[in-house]
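[1] Build me a structure from this.
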Amino acid sequence: MSDSISCLTPHRPAYLFCALMGDEAKSIARGLQKRDPDLLDRLIEQYQYRLFRYLMYITGNKERAEDFFQETWIRVLERGHQYDGKSKFEAWLFAIARHLVIDWQRSKKPQSLDTLTDPGQDHPLQLVNENEPSPLHQILSQEKEENVQASLQKIPAIYREVLVLRFQEELQIEEMAGVLSVPLSTVKSRLYRGLEAVRAALPGGAT
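    Numbers count the residues shown, from 1 in each chain. The predicted structure is shown next:
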């Protein structure tokens with residue numbers, strides 16, 4: 001789970017990587033606008049595991065995640081013309097999935113993922129330098145991964161979601177803000193609080 005290459009770093013390999021990613025995104029956008037069935041099959045094959053894992057984390061229910069998984073791809077086909085290729089496809093995909101979950105939650109009870117935050121959310125805390133080894137990576141180096149995964153299930157959904165997007169799906173902070181429709185400062189705050197919550201949920205608590 002290494003950090004994604006930043007397109008802002010002044011290294012030629014990074015620029016080439018980002019250029020290739022940009023070309024792929026534009027190619028996907030063109031295919032979706034044409035409703036290319038072969039492209040949709042390829043996208044499902046490429047992103048099915050990541051999408052289902054994300055839905056499992058934010059719903060906590062396998063059957064429900066399967067329903068949202070199917071509905072997400074239906075929406076991709078229906079709204080493919082809205083994807084312009086200017087952002088990563090997975091960020092757009094996760095945003096669709098998240099909105100489906102929120103719409104379902106609102107139909108069941110008057111709350112969304114965003115209301116699950118703690119009372120201190122109005123006072124965002126800042127993360128350390130993002131270029132340094134991530135706090136989650138430091139935790140993983142000291143704990144068995146299954147302990148970390150089990151601990152993720154114990155923390156509030158709003159924090160679990162940002163940790164999954166950042167450290168498993170490797171989205172950048174700006175991309176996460178787009179998926180979650182929140183300011184950068186809120187994303188950073190949730191990451192900080194989520195990491196603290198994971199540490200506390202680990203066997204024996206934070207060390």
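[2] pLDDT score for residue 145?
    Note on residue 145: pLDDT of 58.
[3] mind listing what's buried in stretch 75-84?
    75, 76, 80, 83 (16 or more other CB atoms under 10 Å). Backbone N, C-alpha and C define where each C-beta goes, glycine included.
[4] what about this protein, any weak spots by pLDDT?
    Scanning the chain for pLDDT under 70 picks out 1-22, 109-149, 204-207.
[5] per-domain residue ranges of it.
    12-108, 113-201 (automatic domain parsing).
[6] Make sure residue 73 is actually in contact with residue 40.
    Yes: counting by CB atoms under 8 Å, residue 73 touches residue 40, with 7.3 Å between them.
[7] Neighbour count: the two, which is higher?
    Neighbours of residue 73 and residue 40, each counted by other CB atoms under 10 Å, are more numerous for residue 73; the result is 19 against 16.
[8] Contact partners for that one?
    Residue 73 makes contacts with 40, 44, as judged by CB atoms under 8 Å, 6 or more residues apart in numbering.
[9] As a check, name the ranges of all helices in the chain.
    12-33, 37-59, 62-78, 89-108, 135-142, 145-152, 157-163, 173-180, 184-201 (DSSP state H).
[10] Can you say which of the ones you listed is packed in most?
    helix 157-163 (a mean of 22; mean count of other CB atoms under 10 Å).
[11] for that helix, packing partners?
    helix 37-59, helix 173-180, helix 184-201 (3 or more CB pairs under 8 Å, 6 or more residues apart in numbering; DSSP states H and E).
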